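Trainee: only geometry, no sequence info:
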């Protein structure tokens, strides 16, 4: 998988490091041969790192029927991960411990989207 954040994307995200909370939308498409199993190893390895920065998985579900969209929007897994701030997510993602396990994620995916989302006023976030 070659999808990595570009410097402008990371700069825009980092400029809001103190803003929070942030919920990250993860859209995942696995490689056919062993991708799902490799991603499971990644989720197990990243769990203590996520907890260590105060993050939590809010939702994880398998993609089912595509109701609106095209085949390129057909995802195997959807995750919502909440962090106290963008800075907490950056702390985890730039740690040595994360660098040691990141290959499990990269090796398991054909495609992914990672979108930071902000709470909308009037809608509960907890």
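Mentor: Here it is on my side, so go on. Computed from a predicted model, the values in this text were never measured in an experiment.

Trainee: helices or strands up against the lengthiest helix in the chain?
Mentor: For the chain, the helix with the greatest residue count under DSSP state H is helix 35-52. Packed against helix 35-52 by the contact rule (3 or more C-beta pairs under 8 Å, 6 or more residues apart in numbering; DSSP states H and E) you find strand 22-30, helix 86-93, helix 96-108, strand 109-117. (C-beta placed from N, C-alpha, C; glycine too.)

Trainee: Make CSV from the ones you listed and add mean pLDDT to it.
Mentor: Listed next are those as CSV, based on pLDDT from 0 to 100:
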stretch, mean pLDDT
strand 22-30, 95
helix 86-93, 95
helix 96-108, 95
strand 109-117, 93
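
Trainee: now the ones you listed as JSON lines including mean neighbour count and distance to residue 51?
Mentor: Below are the helices and strands packed on helix 35-52 laid out as JSON lines (neighbours: other C-beta atoms under 10 Å; distance: least, C-beta to C-beta, whole Å):
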{"stretch": "strand 22-30", "mean neighbour count": "18", "distance to residue 51": "15"}
{"stretch": "helix 86-93", "mean neighbour count": "19", "distance to residue 51": "10"}
{"stretch": "helix 96-108", "mean neighbour count": "14", "distance to residue 51": "12"}
{"stretch": "strand 109-117", "mean neighbour count": "15", "distance to residue 51": "19"}
